[in-house]
Each structure stands twice: as structure tokens, then as C-alpha cells.
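# sequence unknown, structure follows:
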């Protein structure tokens, strides 16, 4: 919807060193997922309850006791970039650039609007170009360090993710890579929102990208976190997740920028919360201490009460450890019982990209009034007492939602999204 | 950023561990530079280390600071970061005898930087998977492969419940971590943040950089003529809090953070990846000055990121002089620390605090040494056209550096 200025616009409120703004909108999304490339294909598959699980094709799984994953299929980098660009990057960066270009197109942002110092790029990930490092290491192991390719070495480096996106779109503002493990998408989106609210940027291209790699696959298998056949969040018989990959990107704009260019808001970024469990490097806090803090921060920063939340997009990894604790936290935070769903049942756990891809799903939920289902749900678990959207998509108006993510390191990140003009106006922090 | 104060810091570096050891070593920076590069490598094989000069942290034993328990699965980077953070929290009076003095744990967080994380942990597990079998991957060490794991361990060891964020921006990371901490403070997500970064010398990093011709045998004593740099390692963390709150709790202010700026410029040649940009340097400095409300003549000295790569160094020096004038004093912290990537901005900041306390400036790249250092501009230049700048100054209050 078109956004009207909310009373006093940002530049009228404060004009000192930076120009603080109160509202940040999402004006475009781009996604490469295991169930579809682009928002329409992705959304259609999500609402149909399609699974992205298939045999792993990109690396050898022998000896790993697992052979299924949710890989991105049919991604051809040359559909999205020049040959020179494609050669410069690893696949993780290629997916980030492709999703970012989709998002820019979706937002209807002219190139001139991006080519300046007021556009930030903030990209999350877990391991970045993990497969580039794997290739280099394989050469070293089998043929000695002299076989390590000087052409390939420069493709490695997590800091390259936002650099490649910035170069591909011509932006010249803040560039940041935020590795926050499996909550990286939410961390990046939140920080990008901060940059706009604090007046340090007008537009931000943000999200996350992740490529499935053998080391991650083997590591999660050794941790007992991966299911053998399918992902069943909140189900009593759950056995873990399927490893996934992909990229989700969003265009954030200040209200002033969106109004000035006549753009269309898909959703509002209401706020977010971050906390740290400080408990264990992989296991969530047994009482969800950090998670509850992040939820409360997200509610507070958006200026809303728990009963106003219609839907919680759950982290929902289907591990024995996560789902009961997440259910308990949701139960304690919300007086009412918001709808809950985990699209990891369909797209797998895309690690750093997970909450970014899920943010795209959340934006589409707000737009279409449909909550994607948690598929593979058969056996209720009394320890996972949530109002689950099980197996079939639910048509219902969703005004305000929260996107929850947790990660290695005890990271907790919750992002609040809402339909445009639903959230209350909030005072601007000094 | 004028309301942000640094109230303590901790360092793990070739010069020593802790603030006092670090500042003491800086009393003779030329000697410190030489000392940093002395000794046989403890982390690289002789074959890899032989042609290189390394600013390596030698003789470091985390047990001296953390005790014996719980260290087995912590890699070198994580140990550096925890030790530097623990010292910083104690130095700032945030913790005493391991307990928080003034703050609830959920009000203390960390904004960290690293460029390569625990690269050796990743490559070691890759080797286990390839040469032995994937089932031999140690699940207790797998978490070390995610880049934010080291900062995550800091929160676990120190009980920090406020946000824990890691930024990866090459050599700009530690300065960018100040921006992120500032955003958390502005939004009341905590009251104190450990801000800084860490990096370690690893075999894959040394081999990769050496193959690219980036590493050389000499320290950046005169980097204007060098084509390569010396790799270093270390970690430095600063306790950063709102100035008024620090004063109200009676904290000693080591420095105030006045301004931050950052910029990115793509290369002129589409094929290029590594490049320097004078324009990006000028923009980052200009943004930092504007954020600080300062004029170019207010800067006493620049703690540059000059490292020994001619194109990048030339762009940096050109940008500094274009923005601050041809006579501005330009120091080179990497003469002492080598290139420490994600830690480099933090180590330069620690050195800058030393300069403000009267430590000698070392060999300047240009300009005349100021009689007294009150305001320092720190610049960090990434390999890909990204540049960040941070301005610190001595506190104007009576709580001067002791």
C-alpha cells in the first residue's frame, strides 16, 4: 500500500548530526529457496505445503548416515549476473546477489535510488563461502599446498558477501557482514533497521545467504540434529531438521524515502529484540531466558502488547531440545495463543539464511492473509503445546507477527513485522 | 558518538597480555616492533613460517587467566577473546572477583569482530572428514566452525546476557563493531558492551596469503615501498558505556568515542577485487568528523591502517592528506602489531590510548609529532574498497588516565 507521511516526517523531527526516523518499511523481497526461486514460486510452494527434501547432489554423503537435504535447485547464476560477476564469487555470494536483485526489482527501485552513500548493505550468514574453502582444502590435502588455486582463494571470505551485493547494485554506503549462525537473517534485518532509524541510511538491502556444505552436513549429523527423512517440528516423533540452503533479501526504506519516491510498502519493520543465553554454545537455555528477553524487546520496540500478535513464525527446528523450550517461551510470553508455524518443515534449516527466508515468508503472509503450514505434523506432543498451523495453510488476516530465531552461541533474535500503518507511532529515541 | 566512553580494556598481543603490559611495552615502540616479530612460531610449521615474519603471541597460556577447566574445546581465537574480555571487564570495574558490580548480566553484551574466525578449526575438521571419516568429527568442536562462536563463548564464560554480535568486515571490523555497539546503546539493549576484535595466525590463512604474494619478510617499517605485509594476531576489547552512566558509577574514563564513519567505493575496473580507494578514505574520515562535530585541524594524529601493500597504503595516505591536510601526523600501529585483520582496529585503538597517555608515537609516516595527543583518528582500510574511521579523544572531565 502507498504510505502517507505520519505527521511530522523524520527530517522535521531532528536535524542535527543524523536524521532519526521512526518508521521503516519493507518495499521488496527476493528469495532463492529449496522449494522455489523468486517470491511467486516460493509462496505458491509454501502455501501448497511442498517439501524441498531430496537426495543431496552437491557433495558426497557416504559415511554420514544421512543423504537427504533441502538444496536450492535449478539456480543458474548467469540468469542473474554477468559472466565476470559470476566468476568473481562463490555460490553463496551468487545467491545473495541474485536474491538482492530480485528484491530491488520487486521494490521497483530505480538504480539511481541505490547508487549513493545512503544505501546500506547488511548481510548475514553462518559460514559464507564454505564450499570455496572446502575446495581449497581438498586440493591441499590431495595434491599439496602448491595445488591450492590462486584464482579461487579470493573467492573465500565472509566479508565479501555484502561487498559483492554492493558492487552489483552500485551502492556506496555502509557494508556489513553479520555472521550470527542460524539467527543471522534476523540479526541483519534488525541492524539494517537500526541504521535507517538512526538516520545513517535511507535504504538498506538486507537478509542472509547460506550454501549447504559437507562440513555442516557432517557436523549436524554428528550432533544428532538432522532427521533421516523429513522435518517434523513440534511433533512428538520429531528427529531434527533437514539441512537447507538459500538466500532471502529484503529492501528496507525509511518512511520519508518511500513516500518521496512513491514506492509501495509491503510491510513495516516494527522492531526487534536480541539477547544471549550465555548458557551453552549449542543448546538453548532450559528456561528460554534469552529467548524471552528477545521476545519482550521485540514487543517493546514495536510498541505493542503480546495479545496484539497474530502469528509467530517459529524457529521450529524439530530438534528434541528446541521445540519444547520454544513452545514454553511462546506460552509464557503470550496471554492469548497466537498461531504458530515452522516452514523449516518444508524448506529445511537454511542456517544463516533461515530467518531471512522466513522473513520473506512473513511479509507474504501479511500481504496475502495466509499462514503457511507446518507439514509432517502427525503426533501432538504435550511438551509442545502451541496453536500450530498443521499440515494445511490457514487463511486469516495477520496484522502483526513475530519471526523467531535462535543460534549457536546462545543467540536469540526476534523481529516484529506488521502490515503497513497497523503499528502505533512511537517516540523517536534521542 | 559523543556520549560514549571507554572505561577499561583488555589486550592479548605479542607485546603482552593486559592493559598495563601492553602500554608498558609501547614505551619504546621501535623495540616493541622488533620484539613482536622475534622468536620461532608456535602455531605454524617451520616450512610455512620460515620465509615470513610473524607478529605472534608467544608463550600464551589461557590457564593462567581462566583456570584449567573447560578449555579443551576452545580454540586459540576463542581463548584470546575470552582472556581479553575478562581483563577488560575487570579493568573497567564492571566485574570484581568474577561478579558483576553495578550491572545485571542481561545489561552487558559484546560487539565483536573477526575476519576469518576459527579458520584452523574449520580446516582441521575438513581434514578429519576427508582423511579419516566424517563420523570422527568431534561434535564438541563443530560449533567452533561458525564465525560467531568465539564471541558466543565470551558471553558464556562471562555471563553476558545482552546482545552478542559479530561483524566480519575484514580489517574494518573492529571499528564497525563500535557502530553496532552504539546502535545497541541507543536502543537501550544494554548498558555496557565489550567492543573490539580478535584474529589468530593460522596455517591456512598464512598459506593462502603467501600464495597470493601478500605476505613478506619485513615488518611495515616503511610501508611506502613495500608490496607485502606481516601477519599478526591478537585480541583487544574495550568496555564501552554511556558516558553519563560511567561517570555516575565513578568509573575512570580512558577515552571518549567521538565519531564514526564508513564508506565503500567499487573499483574502476570491473574485474578487480582488491583495490584501494582514496575517495572512500576521504568519505569515511569526513563522516567521522561530521559525527564528532570536529574540524580537520582538531585531529592530533592519525592511527592509520597502513600495512605494507603499496596500492592500498597510497590510497589511504592520499585520502588522509586530502581530508586532513598534508602535514597531519600519521602513525602506523601495524609496525608493531602486523596485520591482524578483525583485531587491527582494536589494537590500533589500544595503541592510540597509549599515545594519549604519553607513549611514544613510533616512526611516523608523515607529519610532525604533536606535543600532546588528545584526539586520534583511527582508520581501517579493507581490501575491497571499504574503509572505516573512528575518532577518540581524552576525556574532558577530571577523570584523566591514571
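Happy to help now that I have it. Not measured: the values here are computed from a predicted model.
# can we go C-alpha only for contacts and neighbour counts from here?
Noted.
# For the residue in the stretch 151-300 of chain A that chain B sits nearest to, give me the pLDDT.
Closest contact between the stretch 151-300 of chain A and chain B, by C-alpha to the nearest C-alpha, is at residue A:278 (4.0 Å). With respect to pLDDT, residue A:278 has a value of 93.
# what are the phi and psi values for it?
Note on residue A:278: backbone dihedrals following degrees, to the nearest 10 are phi 50, psi 40.
# residues contacting the residue lying closest to it once chain neighbours are set aside?
Of all residues not flanking residue A:278 in the chain, residue B:156 sits nearest, at 4.0 Å (C-alpha to C-alpha, 6 or more residues apart in numbering or on different chains). Counting by C-alpha atoms under 8 Å, 6 or more residues apart in numbering or on different chains, residue B:156 touches A:277-281.
# just to revisit the earlier point, what is the neighbour count of the residue of the stretch 151-300 of chain A closest to chain B?
Residue A:278 has 28 neighbours, counted by other C-alpha atoms under 10 Å in any protein chain shown.
# same deal with the one 10 residues further on?
Look at residue A:288: counted by other C-alpha under 10 Å, it has 20 neighbours.
# Isn't it up against residue A:331?
No: using C-alpha atoms under 8 Å, residue A:288 makes no contact with residue A:331, being 11.3 Å away.
# Please identify the residues of the stretch 151-300 of chain B in proximity to chain A?
Residues of the stretch 151-300 of chain B found near chain A (C-alpha under 8 Å from any C-alpha of the partner chain) are B:151-153, B:155-170, B:180, B:183, B:186-187, B:189, B:207-208, B:211-212, B:262-266, B:270-271, B:273, B:290-291, B:293.
# So which of the residues you listed sit within helices?
Using DSSP state H, the subset of those located in helices is B:151-153, B:155-158, B:180, B:183, B:186, B:207-208, B:211, B:290-291.
# Show the low-confidence segments of chain A, by residue range.
Applying pLDDT under 70 to chain A picks out residues A:1-21, A:336, A:427-430.
# what number of residues lie near residue A:358?
Residue neighbour count, defined by other C-alpha under 10 Å, stands at 26 for residue A:358.
# out of everything not next to it in sequence, what's closest to the residue in the stretch 201-350 of chain B that chain A sits nearest to?
As assessed by C-alpha to the nearest C-alpha, chain A sits closest to residue B:264 within the stretch 201-350 of chain B, at 4.8 Å. Nearest non-adjacent residue to residue B:264, counting by C-alpha to C-alpha, 6+ apart: residue B:386, 4.3 Å away.
# For the one you found, give me its contacts.
Residue B:386 neighbours (C-alpha under 8 Å, 6+ apart): A:175, B:172, B:262-265, B:280.
# What are the phi and psi values at it?
The phi/psi pair for residue B:386 (degrees, to the nearest 10) is phi -100, psi 140.
# got the contact list for the closest residue to residue B:342 other than its chain neighbours?
With C-alpha to C-alpha, 6+ apart as the criterion, residue B:342 has its nearest non-adjacent residue at 4.0 Å, and that residue is residue B:114. By C-alpha under 8 Å, 6+ apart, residue B:114 lies in contact with B:147, B:166-170, B:173-174, B:197-199, B:341-343.
# redo that, cut-off 10 Å
Each residue near residue B:114 by C-alpha atoms under 10 Å, 6 or more residues apart in numbering or on different chains is listed here: A:159, A:179, B:77, B:147-148, B:150-151, B:166-174, B:177, B:196-200, B:235, B:340-344.
# again with residue B:227
By C-alpha under 10 Å, 6+ apart, the neighbours of residue B:227 are B:213-216, B:220, B:307-313.
# switch to 6 Å and redo it
B:308-310 (C-alpha atoms under 6 Å, 6 or more residues apart in numbering or on different chains).
# Residue A:388: how many residues sit nearby?
Residue A:388: 22 surrounding residues under other C-alpha under 10 Å.
# Give me the phi and psi for it.
The phi/psi pair for residue A:388 (degrees, to the nearest 10) is phi -80, psi 140.
# Does it touch residue A:338 like I think?
No: between residue A:388 and residue A:338 no contact is recorded; they are 8.8 Å apart, counting by C-alpha atoms under 6 Å.
# from the residues of the stretch 151-300 of chain B next to chain A, which would you call buried?
The neighbour-count test (16 or more other C-alpha atoms under 10 Å in any protein chain shown) marks B:151-153, B:155-170, B:180, B:183, B:186-187, B:189, B:207-208, B:211, B:262-266, B:273, B:290-291 as buried among those.
# So which elements touch the helix or strand where residue A:98 lies?
Secondary structure from DSSP states H and E places residue A:98 in helix A:91-107. Packed against helix A:91-107 by the contact rule (3 or more C-alpha pairs under 6 Å, 6 or more residues apart in numbering or on different chains; DSSP states H and E) you find strand A:24-33, strand A:246-254.
# Pick the most deeply packed of these.
Stretch with highest mean neighbour count among those: strand A:246-254 (a mean of 32; mean count of other C-alpha atoms under 10 Å in any protein chain shown).
# Can you check what angle separates it from helix A:91-107?
Here strand A:246-254 points in a direction 40 degrees away from that of helix A:91-107 (axes from the mean of the first three to the mean of the last three C-alpha atoms, to 10 degrees).
# tell me the angle of strand A:246-254 relative to strand A:24-33?
170 degrees.
# Can you give me the buried ones in the helix or strand of chain B with the lowest mean pLDDT?
Every helix and strand of chain B was ranked by mean pLDDT, DSSP states H and E. The lowest is helix B:29-36, at a mean of 85. Applying a neighbour-count criterion of 16+ other C-alpha under 10 Å, one finds B:29-30, B:32-33, B:35-36 buried in helix B:29-36.
# Just the helices from the chain, written as ranges.
By default, I'm working from chain A. For chain A, the helices defined by DSSP H cover A:10-13, A:39-48, A:83-88, A:91-107, A:111-114, A:130-143, A:160-169, A:184-197, A:214-222, A:255-261, A:289-302, A:322-333, A:344-347, A:354-368.
# try again with chain B
B:19-25, B:29-36, B:46-49, B:63-66, B:76-91, B:119-127, B:149-158, B:173-186, B:203-211, B:243-248, B:278-292, B:310-324, B:334-337, B:344-356.
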